[in-house]
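> Dropping a prediction and its sequence here:
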Amino acid sequence: MPTAHLHRLLPLAACALLLAACNQAPVLQVPQLAVPAGFKEVAPWVPAQPADHLPRGDWWAVLGDAELNTLQQRLLAGSPDLAAALARYQQAQATTDQLRAALVPNVNASLVDQRNRQSEKRPLRVLGPLSPNEYGSHTLGVAMDYELDLWGRVRSQVEAGTALDQAAQADLAAARLALQAQLADSLLALRGLDRDAALLADTETALGKALALVRQRHEAGIASGLDVARAEAQLESVRSQRQQSAGQRALIEHAVAALVGDTASGFSLAAAPQPVAAPPEVPPGLPSTLLQRRPDVAAAERRVAAANASVGVARAAVFPAVTLGSVLGYQSNQFGHLITAPNTFWTVGPSLVVNLFDGGRRQAEINRTQAVLDENGARYKAVVLGAFAQVEDSLALLRQYAQAAQAEQAALAANQRTLALANSRYREGAASYLEVITAQTATLQSQRSVQDLATRRQRATVQLIRALGGGWSTVAGGAP
């Protein structure tokens, strides 16, 4: 390259370096909300330092169900919803890699081997009318072009792509957490129905014995046919409730099969009416911590960053585009002697494109990206407000269910005493069998309510764990 031409390029390169720091994107400002000092449902507060990128571990292990551990592994391996979320994240990664490629020069190599024929009547024939009609054209060259990112357009594109990549990663974590929580919730509901079925089976057996006793008393002339009819109705009612419970269990089992990527026809879970474990104590962190650990909040924040960078891309498009290009190679009409010194050719130099009139298209794009930024800011606020509401909902349910469970236990104890007295009075002939039926119905209802409240407390715990962003770990000071 001639020295004089090189000297002309040096000032341009110096200008490029000076302007490289230019970036038209506005300063990123994440929407601010008034964060309360604590959740109103629980106190006192303990500080926590989780983050959305930290591993959450097998948080479902606190529920004490070995089958759930196995199903969670099957979920990670076979869930189609989780596979789709992973594919979306991989798409975002590939898009970001494409955008980063614009930060380095684009280099292409080409080899052209052509045989041409030009028209005899072609205007301005090379070498005049004596030039041959047929000739060869053989070219071997390397071309390079590179956009000088003077206004930060390319860098803003990369920033936007990186933020969307991170948002997709957070979406993947949110999808994984949601599916894990849904699976845990479904299995807890199924276990609750197992306990309900066991209770109804025991009740059916007891009522069957009671019916046999009433029939004996009826045959002895001690009890009326009305007592027999009432005992039979009570027994059939419990059998109906047992079948209804089995139907609900089947639906939940089918839902679990779909979650883990299996067919409902080939999937089954054995009944396990195990005792209800006490809901684990979940140590909620400060409200500001919630904004750090929830992946959906992190995804919304990173989409704000992506939209902010896109504003910079639109603003940079208003300024001139400068591209540095060069071509180097060999060209000849004879392929056999292509690579020789006389056949060398090269070209190098910048190109400048300035828009003079576009009818307001670029300004409209700036307005559009600003509106997208405003939209993402509003969505971020909505996600944050929804996150606080979900935590408060779960905390409120846990507190109210705990109080309701105490009251229901007291009611059960009273109903059991009533049933014992009713049976005693009936055997002594001091009361009708209607009192026994009434006491049996009330006792069974209290027993089912106690078990149902225990199941709902466990399920509310799962929803609280999900609302808090997943599992937790103990750090210094006892903080989650």
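Great, that's in hand.

> so where do the helices sit in the stretch 351-480 of the chain?
Secondary structure of the stretch 351-480 of the chain (DSSP state H, counting those that start in this stretch): helices located at 361-427, 433-467.

> With the stretch 151-300 of the chain instead?
For the stretch 151-300 of the chain, applying DSSP H, counting those that start in this stretch gives helices covering 153-219, 225-259, 287-293, 295-316.

> circling back to that earlier point, winner for burial among the helices of the stretch 351-480 of the chain?
Most buried of the helices of the stretch 351-480 of the chain, by mean neighbour count (mean count of other CB atoms under 10 Å): helix 433-467, with a mean of 20. The way it works is simple: take the backbone N, C-alpha and C, and place the C-beta from them, glycine included.

> Between helix 361-427 and that one, find me the angle.
150 degrees (axes from the mean of the first three to the mean of the last three CA atoms, to 10 degrees).

> Report the inter-axis angle for helix 433-467 versus helix 225-259.
10 degrees.

> Give me whichever of the helices of the stretch 151-300 of the chain is most buried.
Stretch with highest mean neighbour count among the helices of the stretch 151-300 of the chain: helix 295-316 (a mean of 24; mean count of other CB under 10 Å).

> Just want the angle from it to helix 153-219.
Using the same axes, to 10 degrees: helix 295-316 against helix 153-219 is 160 degrees.

> looking at the helices of the stretch 151-300 of the chain, which is closest to residue 324?
Of all those, it is helix 153-219 that lies closest to residue 324, at 13.3 Å by CB to CB.

> coming back round to it: among the helices of the stretch 151-300 of the chain, which is nearest residue 438?
Among the helices of the stretch 151-300 of the chain, helix 225-259 sits nearest to residue 438 (CB to CB), with 9.8 Å.

> Scan the chain for its longest strand.
strand 134-148 (DSSP state E).

> Which positions in that one come out as buried?
Buried residues in strand 134-148, counted by 16 or more other CB atoms under 10 Å: 138-141, 146-148.

> Just want the phi and psi numbers for residue 339.
phi -90, psi 80 (degrees, to the nearest 10).

> Compute the number of surrounding residues for it.
By other CB atoms under 10 Å, the residues close to residue 339 number 12.

> before we move on, back to that, quick one: the longest strand of the chain to helix 153-219, angle?
70 degrees.

> For strand 134-148, enumerate the helices and strands it packs against.
Judged by 3 or more CB pairs under 8 Å, 6 or more residues apart in numbering; DSSP states H and E, strand 134-148 is in contact with strand 106-117, strand 321-332.

> which residue of the chain sits farthest from its center?
residue 130 (73.1 Å; CA atoms, centre = their mean).

> so where's the stretch 351-480 of the chain shaky on pLDDT?
471-480 (pLDDT under 70).

> picking up where we left off before, as TSV, the helices of the stretch 351-480 of the chain with distance to residue 338 would be great.
Shown next, in TSV, are these (distance: least, CB to CB, whole Å):
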stretch	distance to residue 338
helix 361-427	45
helix 433-467	68
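
> and of those helices, who's closest to residue 197?
Between these, helix 433-467 lies closest to residue 197; by CB to CB that is 10.6 Å.

> if I read this right, residue 433 contacts residue 426, doesn't it?
Yes. If you go by CB atoms under 8 Å, residue 433 and residue 426 touch, sitting 5.9 Å apart.

> re the thing from before, what's the longest strand of the chain in contact with?
Residues from elsewhere that reach strand 134-148 (CB atoms under 8 Å, 6 or more residues apart in numbering): 16, 102, 104-118, 154, 321-335, 338-339, 345, 350.

> got it, and stretch 245-259?
Contacts of stretch 245-259 (CB under 8 Å, 6+ apart): 71, 75, 79, 179, 182-183, 186-187, 189-190, 193-194, 196-197, 200, 263-264, 266-269.

> Likewise for stretch 261-269?
Defining contact as CB under 8 Å, 6+ apart, one finds that stretch 261-269 is touched by 67, 74-75, 77-80, 187, 190, 253-254, 256-258, 260.

> mind running it again at 6 Å?
Residues from elsewhere that reach stretch 261-269 (CB atoms under 6 Å, 6 or more residues apart in numbering): 78-80, 253-254, 257.

> Restricting the selection to alpha carbons, write that stretch to PDB.
The C-alpha coordinates for stretch 261-269 follow below in PDB (Å, rounded to 0.1, in the frame of the first residue of the first chain):
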ATOM      1  CA  GLY A 261     -43.200 -36.100  30.100                       C
ATOM      2  CA  ASP A 262     -45.000 -39.400  30.300                       C
ATOM      3  CA  THR A 263     -48.300 -40.600  29.000                       C
ATOM      4  CA  ALA A 264     -51.200 -40.800  31.300                       C
ATOM      5  CA  SER A 265     -52.000 -44.400  30.200                       C
ATOM      6  CA  GLY A 266     -48.500 -45.700  31.100                       C
ATOM      7  CA  PHE A 267     -48.000 -43.800  34.300                       C
ATOM      8  CA  SER A 268     -49.100 -44.600  37.900                       C
ATOM      9  CA  LEU A 269     -48.300 -43.700  41.400                       C
END
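
> quick one: the residue lying closest to residue 230 once chain neighbours are set aside and residue 168, what's the gap?
With sequence-adjacent residues excluded and distances taken as CB to CB, 6 or more residues apart in numbering, residue 230 is closest to residue 437, at 5.1 Å. Distance, residue 437 to residue 168, by CB to CB, to the nearest Å: 61 Å.

> Surely residue 27 is within a helix?
No. Assignment of residue 27 by DSSP: H, G, I helix; E, B strand; the rest coil gives coil, placing it outside any helix.

> Might you list the low-confidence residue ranges for this structure?
Within the chain, the stretches with pLDDT under 70 are 1-24, 29-30, 32-56, 126-127, 282-288, 290-291, 471-480.

> quick revisit: from the contacts of stretch 261-269, which is closest to residue 402?
Closest to residue 402, out of all of the contacts of stretch 261-269 and judged by CB to CB, is residue 253, at 28.9 Å.

> and the gap between the closest one and residue 186?
Residue 253 sits at a distance of 9 Å from residue 186 (criterion: CB to CB).

> Please apply the same query to residue 450.
22 Å.

> go on, residue 394?
When residue 394 is compared with residue 186 (using CB to CB), they lie 17 Å apart.

> cool, residue 339 as well?
Per CB to CB, residue 339 is found 70 Å from residue 186.

> Next: residue 358.
To residue 186, residue 358 is 56 Å away according to CB to CB.

> now residue 289
To residue 186, residue 289 is 28 Å away according to CB to CB.

> what does residue 383 give?
25 Å.

> With residue 437 instead?
Residue 437 sits 35 Å away from residue 186, going by CB to CB.

> With residue 25 instead?
Distance of residue 25 to residue 186, given as CB to CB: 45 Å.
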